[in-house]
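**Student:** Provide a 3D model corresponding to the input given below.
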Amino acid sequence: MKRNVVSFRSNAKLARQLWGEPSRLALRGLRELTAKHSLSIAAGDLQFLDGRWYVTHCGLLQLASRKGCRGIKTILQERLSDVGAGRWVFKATVFKSSSSKGFVGYGDADPSNVSSLVRGAEMRVAETRAVNRALRKAYGIGLCSVEELGAFSSPTRSAAIPAPSNGSHPSNGSSNGQPRLRDQLCLLIRQHNLDPNLVKAYAADFCGSQTLSGANRELVESFISHLATAAKEDRAALVCKLNSYAQPLEATP
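**Tutor:** Next comes the predicted model:
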């Protein structure tokens, strides 16, 4: 009980820092989510949008891991999908135990119901939505997940980071008084409460390299610019994009 109280206080404090003073109803909901499911804002389990709490894909996967989930199976619904139109439908089944018959959820995605930030990744979004619905059923989560929301906003505008005037491109140094690229990225992660591992995975994919350290400076600068703009203009869509890089549980029932 004491642990839950401490966790709620930590959640409430961080919620005020990120989103301002929540309503009494929102705080009551946060207390229940903390006590019943041990969901953590700091861990990226929850988002607060338009006065409502939403669970994230990462939060659901972490909850399933804590509860000893035995496995998640996903199957593409070919008859309902349309590759040419970019429409994908998945069925996900969550097995809570070795004797579980499974909890089923469906998810769909197409260009009309995803953010421009994840345009082109509709297949992964559809699978993520299916997994989220199955996990919510399995563990009694009444909240909608962030990834299940539709399109968030119009395409984001680009914002350039000043380049060194001497034309040199040190791999991780500072120039013209600008912070090092690594420091800039860490600052963005802290400012917007992002999952650093998911940011690294997204950055590597964005830069077309196996690891972030393997990308050249220009690509890293471009990614940081993109991340800063996305976090400022549509954080919810950015979280949705990042969560698509979370690795689902792999196990057989």
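**Student:** where does the stretch 1-150 of the chain dip in pLDDT?
**Tutor:** 1-6 (pLDDT under 70).
**Student:** what are the ranges of the strands in it?
**Tutor:** With DSSP state E, counting those that start in this stretch as the criterion, the stretch 1-150 of the chain has strands at 46-49, 52-55, 71-76, 88-95, 103-109.
**Student:** out of these, which one sits most buried?
**Tutor:** Highest mean neighbour count of these: strand 88-95, a mean of 23 (counted as mean count of other CB atoms under 10 Å). (C-beta placed from N, C-alpha, C; glycine too.)
**Student:** which strands border that strand, and is each parallel or antiparallel?
**Tutor:** Using DSSP bridges, strand 88-95 pairs in its sheet with strand 71-76 (antiparallel), strand 103-109 (antiparallel).
**Student:** closest one to residue 17 among those strands?
**Tutor:** Nearest to residue 17, of all the strands paired with strand 88-95, is strand 103-109, at 31.9 Å by CB to CB.
**Student:** which residues touch the closest one?
**Tutor:** The contact list for strand 103-109 (CB atoms under 8 Å, 6 or more residues apart in numbering) reads 77, 80, 87-94, 96, 122-123, 125-138, 148.
**Student:** before we move on, the earlier item: the strands of the stretch 1-150 of the chain: which one's closest to residue 40?
**Tutor:** strand 46-49 (7.5 Å).
**Student:** output the strands paired with strand 88-95 as JSON lines; include the columns distance to residue 49.
**Tutor:** Compiled in JSON lines, these are given as follows (distance: least, CB to CB, whole Å):
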{"stretch": "strand 71-76", "distance to residue 49": "26"}
{"stretch": "strand 103-109", "distance to residue 49": "19"}
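**Student:** and of those, who's closest to residue 203?
**Tutor:** Closest approach to residue 203 among these (CB to CB): strand 103-109, 22.9 Å.
**Student:** can you list the domains in this protein?
**Tutor:** When the chain is parsed with automatic domain parsing, its domains come out as 2-42, 62-153, 181-233.
**Student:** any chance of the ones you listed in a markdown table, with distance to residue 246 too?
**Tutor:** Shown next, in a markdown table, are the domains of the chain (distance: least, CB to CB, whole Å):
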| stretch | distance to residue 246 |
| --- | --- |
| domain 2-42 | 15 |
| domain 62-153 | 8 |
| domain 181-233 | 6 |
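**Student:** which one of those domains lies nearest to residue 244?
**Tutor:** Proximity to residue 244 (CB to CB) singles out domain 62-153 among these, at 4.8 Å.
**Student:** so how far is that closest one off the chain centroid?
**Tutor:** Centroid separation for domain 62-153 versus its chain: 13 Å, with CA atoms, centre = their mean, to the nearest Å.
**Student:** oh, and call the first residue 64 from now on, that's how I've got it
**Tutor:** From this message on, residue numbering opens at 64, which makes the last subject domain 125-216.
**Student:** what are the ranges of the helices in the stretch 64-213 of the chain?
**Tutor:** 65-82, 87-100, 120-129, 185-202 (DSSP state H, counting those that start in this stretch).
**Student:** if you compare those helices, which one is most tucked away?
**Tutor:** Mean neighbour count (mean count of other CB under 10 Å) peaks for helix 185-202 among those, with a mean of 24.
**Student:** cool, thanks, talk later.
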